[in-house]
Every structure is written in C-alpha cells, then in structure tokens.
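Trainee: Fold the following and give me the result.
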Amino acid sequence: MKVFVFGDDKQKIEPLIKKIGFEITDKDFDFVISFGGDGALIKSEYLFPEVPKIVLRNSSICKKCSSLENEQVLQRIKKGNYRIEKIRKLKAKVKNKTIYALNDIVIHNFDSRHAIRYKVLINNKEIYQEIIGDGVVAATPYGSTGYYRSITDSFFEVGLGLAFNNSTEQADHLVLKENSQIKIIITRGPAIVYGDNQGEEVLIDKNDEVLIFNSNKFAKIVKVD
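Mentor: Numbers count the residues shown, from 1 in each chain. Model (predicted):
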C-alpha cells in the first residue's frame, strides 16, 4: 500500500509505517496518514479531499483517533482488516465562492468588539427574529463534538446542526433534517465565513447571504474493528 504522511511531526511516525510494510510516497498514493490530532485530520482532508484517511495519534486530544495503539492500527490495515466510513461534507455558497467542510461552517463577527446581526431562514422560512450575537455554526454529525458542542453542550448523530454563538436573546440550537437548506442573511456586519478552521475566509457585510446545505462530497475515514 502506498501512503502519504501528513503532520507537523511526521518524521516521528515514518519509521513505524515503513516497518509495518507501507510505502511512503508523495504521488499516486492509496491513503493519506494523518498524524496528529483532530486538526491534522481536518487539514489533511482540506488538502487531499476524498482520499481515504488513516488517522494516527500524536496528541492526547484526538477524538477521531482509534483507542488502539498506532502500531495496532497499521497492522490491521496492512492485513486488510478495515472498513472505510464515508462522512458527508457541508457546502456553503457565499458571494462567488464555495466552501466545503467536514466538521462545520462558521459565520463569525469580524471584530470581536462588535456583535453582528443576522436573519435565519430554514427552507426559505424565517425562524426567530433578527439575532444579535457573535455568529452561527452549522455542523455535521461528525463535527458536532467540536465547536458545536462547546456552544450547545450537546452533539447529534443524524441531520444538520445549527448553533447560535453568544446571542443576546435566547435562540435554541437546532438539529435539522439532512436535506434542510439554511440561509443566513447579514443585517449588520462585517463578518467572516470559513469552514473547518481553514485559512481561507470570505468577508461579508450587510445584505450578504450565506447558503448552507449538505453536499454530494464525502470524506473517507479508515476504521479498524
């Protein structure tokens, strides 16, 4: 099996990968090995979308890592004892850009000293009144244990989640059906839109709209029994 190794400290894991019998290469690889924590997995998916990811631990905080030791994970995969889990990504359309996210799409105030105002439409039906706060997070079930959970103190396994970040009035988080379409209309900005802590962001302001829904693209995560 040919693998590409991704991670800031990848030199620490490469000897073990070679020992198990994988071929490390930077082209025509079958898998990407993400060595780090949850952030490394997210970034590797952004750089190498839809290539199957083997997630190995290099951090005490790695919710997506196996409970097995790295060597055990690699040995089982080398023997063919694995399955590939497909995780549907979110899609956001804003201005003339499209953003894909494995975990979440975030709309956040550009200046932390000033709240933003926005309206929320679900399937073109407005909910709540104008919301004032730091922004909103739309999450996949896979990503609901991250930023979404830190806001709502909850997570979900099916659907599409919407959490309201530090709103001045009560706005309960929502878990929507998988085919739901979310529209956020900014009534006072500025704000930024980004996915999965990606470096690229889109600046938006009054009357700009962000459309968020489930995409037809999937991340592929290698799982061992």
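Trainee: for the longest strand that the chain contains, packing partners?
Mentor: Longest strand of the chain, by residue count under DSSP state E: strand 209-224. Other helices and strands packing on strand 209-224, by 3 or more Cβ pairs under 8 Å, 6 or more residues apart in numbering; DSSP states H and E, are strand 53-57, helix 70-78, strand 82-94, strand 104-109, strand 181-188. Glycine gets a C-beta too; all of them are placed from N, C-alpha and C.
Trainee: just for the chain, where's the confidence low?
Mentor: 59-61 (pLDDT under 70).
Trainee: Try it again at 80.
Mentor: Residues of the chain that meet the criterion pLDDT under 80 lie in 59-67, 170, 197, 225.
Trainee: Find the residue closest to the residue nearest to the spatial centre of the chain in space, skipping its chain neighbours.
Mentor: The centroid of the chain falls nearest to Asn103 when counting by Cα atoms, centre = their mean (2.0 Å). Of all residues not flanking Asn103 in the chain, Gly143 sits nearest, at 2.8 Å (Cβ to Cβ, 6 or more residues apart in numbering).
Trainee: same question, Glu23
Mentor: For Glu23, the closest residue by Cβ to Cβ, 6+ apart turns out to be Lys2, at 4.8 Å.
Trainee: ok, that neighbour - contacts?
Mentor: Lys2 makes contact with Phe22, Glu23, Ile24, Thr25, Asp28, Phe29, Asp30, Phe31, according to Cβ atoms under 8 Å, 6 or more residues apart in numbering.
Trainee: And Tyr194, by the same measure?
Mentor: With contact set as Cβ under 8 Å, 6+ apart, Tyr194 has these partners: Ile99, Ile105, Val106, His108, Glu200, Glu201, Val202.
Trainee: if we can go back for a sec, and the helices and strands packed on strand 209-224 as a markdown table, adding distance to Ile212 and mean neighbour count?
Mentor: Rendered in a markdown table, the data for these read as follows (distance: least, Cβ to Cβ, whole Å; neighbours: other Cβ atoms under 10 Å):
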| stretch | distance to Ile212 | mean neighbour count |
| --- | --- | --- |
| strand 53-57 | 23 | 24 |
| helix 70-78 | 33 | 18 |
| strand 82-94 | 5 | 17 |
| strand 104-109 | 5 | 23 |
| strand 181-188 | 4 | 18 |
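Trainee: so can I have JSON lines of these showing distance to Ala115?
Mentor: Converted to JSON lines, those look like this (distance: least, Cβ to Cβ, whole Å):
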{"stretch": "strand 53-57", "distance to Ala115": "37"}
{"stretch": "helix 70-78", "distance to Ala115": "44"}
{"stretch": "strand 82-94", "distance to Ala115": "20"}
{"stretch": "strand 104-109", "distance to Ala115": "6"}
{"stretch": "strand 181-188", "distance to Ala115": "8"}
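Trainee: On the three-state scheme, Arg149 is what?
Mentor: Per DSSP: H, G, I helix; E, B strand; the rest coil, the secondary structure class of Arg149 is helix.
Trainee: Correction: the previous question concerned Ser44.
Mentor: helix.
Trainee: Verify the stated contact: Ile24 with Leu16.
Mentor: No: Ile24 is not in contact with Leu16 according to Cβ atoms under 8 Å; the separation is 11.0 Å.
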